[in-house]
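Participant: Predicted structure and sequence below. I'll ask about it afterward.
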2 protein chains.
Amino acid sequence: MKVVFADEQMRHQPAQIVSSGKLVPSPEIAARAEHLLQAAMRAGLTLEAPNDYGLEPIAAIHTAAYLKFLENIFVRWQRIPDASPDVFPNIHPASRNDVYPASAVGQVGYHVYDGACPITADTWGSACWSAWSAVHAANEVLQGARACYALARPPGHHASSDLAGGFCYLNNSAIAAQQLRQKYDRVAILDIDVHHGNGTQQIFYARDDVLTISLHADPVRFYPFFWGAANEHGRDAGHDFNLNLPLPRGTAGADYMVSLQQAFERIAQFAPGALVVALGLDAFKDDPLAGLALTTDDFGHIGEQIAALDLPTVLVQEGGYPSVQLGNNLAAVLQGFTA
Amino acid sequence: MKVVFADEQMRHQPAQIVSSGKLVPSPEIAARAEHLLQAAMRAGLTLEAPNDYGLEPIAAIHTAAYLKFLENIFVRWQRIPDASPDVFPNIHPASRNDVYPASAVGQVGYHVYDGACPITADTWGSACWSAWSAVHAANEVLQGARACYALARPPGHHASSDLAGGFCYLNNSAIAAQQLRQKYDRVAILDIDVHHGNGTQQIFYARDDVLTISLHADPVRFYPFFWGAANEHGRDAGHDFNLNLPLPRGTAGADYMVSLQQAFERIAQFAPGALVVALGLDAFKDDPLAGLALTTDDFGHIGEQIAALDLPTVLVQEGGYPSVQLGNNLAAVLQGFTA
């Protein structure tokens, strides 16, 4: 299997994020990518850099206004007197129907829903390369590979069609799924990040050609708070094509596997041509953001069971934050998958 | 005329607000109230403290969930490890239909839409007394006074039924208007604050018994950005009972008076039994947040012209930030009104 990654993905290095009213260091650091890359190579994967695929595969998921905003906001922000070095939001609309403002401050609040998504001079570039890694991995599968791993960093699953949040700017998993639609009529996305994949859910919420499933710590008291409840089923044509499996905080392997089986049953029923795994590793028991309690062995089993679905599969990196086991957890998934 | 004010309104003293990604001192300081009170008394008004009217007049405007949140969030916030002293939001829903979370952090983001509304130990108390000053002033008018001035601080017009923003927690002007509805079938609210009265608009947007009119700097590049466009007319029964008169940045007296005449014509057509003036003084040319360019003389003319409507009138303080003329601008309105 190949691991797809571009060095440009490391450039995005926001100094701090806002958490509980304070600026704190971001856990989504560039060093994550180094750990994950080394682990993927230890697991036997071959490194390949993605091509520059341009805006087309990204614009298939994100709105034109959002992409223009992401590309230009850092420069615009520097013109504001006494602004912070990185771009942070400070005022937000109440709904997506409110006026789209012309001002930089207004647009930041319109497009960035939390304080965990600062935009630096390098964010747009790194986010594009992260998305292109996902496109490249999807293309590998389209061209016949059994599976491919996109080391997508910055991650993507909290980004909706026109919203950044939770360290995510472009939704790499959604972009990969859409790319796979070039060949496959139905694509499933299985999100095992500890946080609900709210961006992915929003993007495909009214569609029946992309099934979205997320296993995550119950958002009633956990990020992202406002999305991820069990009663969010999709709407219009997409009704019953979104499945949320929220889990009590601290859920460990045995109970987790019960929900994972539910996910697999729904995938089997859907009969997709290909699968995207939104591969968060932060359901690990010692992850700094942990809400669940998976072990490294559990990640190995998850890899095995996903492989047993016997589908062309793109694994797209999502969350998972520095702990001594971060690399080992990725290696366990990849080795389980390829065993 | 009486000026209604309670000393408890001074206790709310957030240290800082978030602006363009940085913590900065708040311009909405307690000393504003002292300047305004002295000016009102110089203008010949008599100070009266409000009664404690309890939650009933406030709950006529704001949701039960929001009031419970405002009352308790400061204490809940203190239980979060490493949180800031004052309560600040850091993640926001995309719409009011998203899940209402149980967590403190989630609820702060649900109910506070910007970084200009920190909640301190004293915020709830000061906001209630500010609202009670508005209720008291409305009661004065209900009992036959020609007019009454509520020195409402913290201000209110950016607060909607369940959202705090822009230094505003409880919508004092809306609470006064609702109180006036006990006697008058139709009440008009004329908002002359430099910022759009988005909270007031939202509260009465579907109602035809309270006409809401706002003159303000065009929000396309000015706070509150997402609301205040000329094409926001109201909805359902409230269609055509909301009038926004956005003005180009830097608009001065002569052009301002043209729009004010439009407002007066709409009020005359509506034929209300009573009037609430959402009395911001920040359209002043030297206001620290200024977007318009009114002079102290202009404020005097505005006071005269509002008096000429010959309606029972509650003047409710909204914005207006420390400048050497802040008190004089209030005095000019009050003297113009009572001349």
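Facilitator: Looks like it arrived, so ask away.

Participant: what ranges do the helices span in chain A?
Facilitator: With DSSP state H, the ranges of helices along chain A come out as A:30-42, A:56-59, A:64-77, A:104-111, A:123-142, A:172-180, A:198-204, A:253-270, A:296-307, A:326-338.

Participant: which of those is buried the deepest?
Facilitator: Mean neighbours per residue, mean count of other CB atoms under 10 Å in any protein chain shown, is largest over the helices of chain A for helix A:172-180, with a mean of 31. Placement of C-beta: from N, CA and C, glycine included.

Participant: how about the helices of chain A, which one is nearest chain B?
Facilitator: helix A:104-111 (3.4 Å; CB to the nearest CB).

Participant: same for the closest one, what does it pack against?
Facilitator: Packing partners of helix A:104-111 (3 or more CB pairs under 8 Å, 6 or more residues apart in numbering or on different chains; DSSP states H and E): helix A:64-77.

Participant: so how far is the helix it packs on off the chain centroid?
Facilitator: 21 Å (CA atoms, centre = their mean, to the nearest Å).

Participant: for the helices of chain A, which one sits closest to B:Pro50?
Facilitator: Relative to B:Pro50, the nearest member of the helices of chain A by CB to CB is helix A:104-111, separated by 34.7 Å.

Participant: is chain B contacted by stretch A:120-135?
Facilitator: No - contact of stretch A:120-135 with chain B (CB under 8 Å from any CB of the partner chain) is absent, the minimum separation being 11.7 Å.

Participant: which residues touch A:Ser20?
Facilitator: Neighbouring residues of A:Ser20 by CB atoms under 8 Å, 6 or more residues apart in numbering or on different chains: B:77, B:80, B:82-84, B:90, B:105.

Participant: between the residues you listed, which is nearest B:Asn198?
Facilitator: Looking across the contacts of A:Ser20 and measuring by CB to CB, the closest to B:Asn198 is B:Asn90, at 21.5 Å.

Participant: since we're on A:Asp82, how many residues are nearby?
Facilitator: 9 (other CB atoms under 10 Å in any protein chain shown).

Participant: Please disregard the earlier target; I meant A:Leu23.
Facilitator: 18.

Participant: what's the pLDDT at it?
Facilitator: Listed pLDDT for A:Leu23 reads 92.

Participant: longest strand in chain A, by residue count?
Facilitator: strand A:210-217 (DSSP state E).

Participant: In terms of secondary structure, what does that one contact?
Facilitator: Against strand A:210-217 (3+ CB pairs under 8 Å, 6+ apart) you get helix A:172-180, strand A:187-191, helix A:198-204, strand A:242-247, helix A:253-270.

Participant: Show me what the third one is packed against.
Facilitator: Here helix A:198-204 is seen to pack against helix A:172-180, strand A:187-191, strand A:210-217, strand A:242-247 when contacts are counted using 3+ CB pairs under 8 Å, 6+ apart.

Participant: Any chance of the ones you listed in TSV with mean pLDDT as columns?
Facilitator: Converted to TSV, these look like this (pLDDT from 0 to 100):
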stretch	mean pLDDT
helix A:172-180	99
strand A:187-191	99
strand A:210-217	98
strand A:242-247	98
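
Participant: Pipe those into a markdown table and attach distance to B:Cys168 per row.
Facilitator: Converted to a markdown table, those look like this (distance: least, CB to CB, whole Å):
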| stretch | distance to B:Cys168 |
| --- | --- |
| helix A:172-180 | 37 |
| strand A:187-191 | 38 |
| strand A:210-217 | 34 |
| strand A:242-247 | 34 |
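
Participant: Let me know which of the ones you listed is the nearest to A:Pro27.
Facilitator: It's strand A:210-217; of those, that one is closest to A:Pro27 (CB to CB) at 15.9 Å.

Participant: What pairs with that closest one, parallel or antiparallel?
Facilitator: Strand pairing for strand A:210-217, determined by DSSP bridges: strand A:187-191 (parallel), strand A:242-247 (parallel).

Participant: Okay, buried residues for it please.
Facilitator: A:210-217 (16 or more other CB atoms under 10 Å in any protein chain shown).

Participant: Show me which residues of the stretch 51-200 of chain A are close to chain B?
Facilitator: So far as CB under 8 Å from any CB goes, the stretch 51-200 of chain A lies against chain B at A:77, A:80, A:82-88, A:90-96, A:98-99, A:101-103, A:105-106, A:109-110, A:113-116, A:160, A:163, A:165.

Participant: Tell me the buried residues within the residues you listed.
Facilitator: Buried among these (16+ other CB under 10 Å): A:77, A:80, A:83-88, A:90-94, A:98-99, A:101, A:103, A:105-106, A:109-110, A:113-116, A:160, A:163, A:165.

Participant: Would you agree A:Ala49 is in contact with A:Ala6?
Facilitator: Yes - assessed by CB atoms under 8 Å, A:Ala49 is found in contact with A:Ala6 at 5.1 Å.

Participant: more crowded one of the two?
Facilitator: A:Ala6 (23 against 14).

Participant: Would you mind measuring from the more buried one to A:Phe299?
Facilitator: Taking CB to CB, to the nearest Å as the measure, A:Ala6 falls 25 Å from A:Phe299.

Participant: try A:Asp114
Facilitator: 27 Å.

Participant: Over to A:Phe74?
Facilitator: 36 Å.

Participant: Tell me, how many residues neighbour the residue in the stretch 151-300 of chain A positioned nearest to chain B?
Facilitator: At 3.4 Å from chain B, A:Phe225 is the closest residue in the stretch 151-300 of chain A, using CB to the nearest CB. When neighbours are counted by other CB under 10 Å, A:Phe225 registers 27.

Participant: still on that earlier bit, the longest strand of chain A versus helix A:296-307: what angle between them?
Facilitator: 170 degrees (axes from the mean of the first three to the mean of the last three CA atoms, to 10 degrees).

Participant: distance between strand A:210-217 and the chain's centre?
Facilitator: The chain centroid and the centroid of strand A:210-217 are separated by 11 Å under CA atoms, centre = their mean.

Participant: got the angle between that strand and helix A:172-180?
Facilitator: Going by the same axes, to 10 degrees, strand A:210-217 makes 160 degrees with helix A:172-180.

Participant: Kindly export strand A:210-217 (C-alpha atoms) in PDB.
Facilitator: Only the C-alpha atoms of strand A:210-217 are listed here, as PDB (Å, rounded to 0.1, in the frame of the first residue of the first chain):
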ATOM      1  CA  VAL A 210     -22.700   8.700  -0.400                       C
ATOM      2  CA  LEU A 211     -23.500   6.900   2.800                       C
ATOM      3  CA  THR A 212     -22.000   8.700   5.900                       C
ATOM      4  CA  ILE A 213     -21.400   6.800   9.100                       C
ATOM      5  CA  SER A 214     -19.700   8.200  12.200                       C
ATOM      6  CA  LEU A 215     -18.800   6.400  15.500                       C
ATOM      7  CA  HIS A 216     -17.800   9.000  18.100                       C
ATOM      8  CA  ALA A 217     -18.000  10.100  21.700                       C
END
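
Participant: That one to helix A:253-270, inter-axis angle?
Facilitator: 170 degrees.
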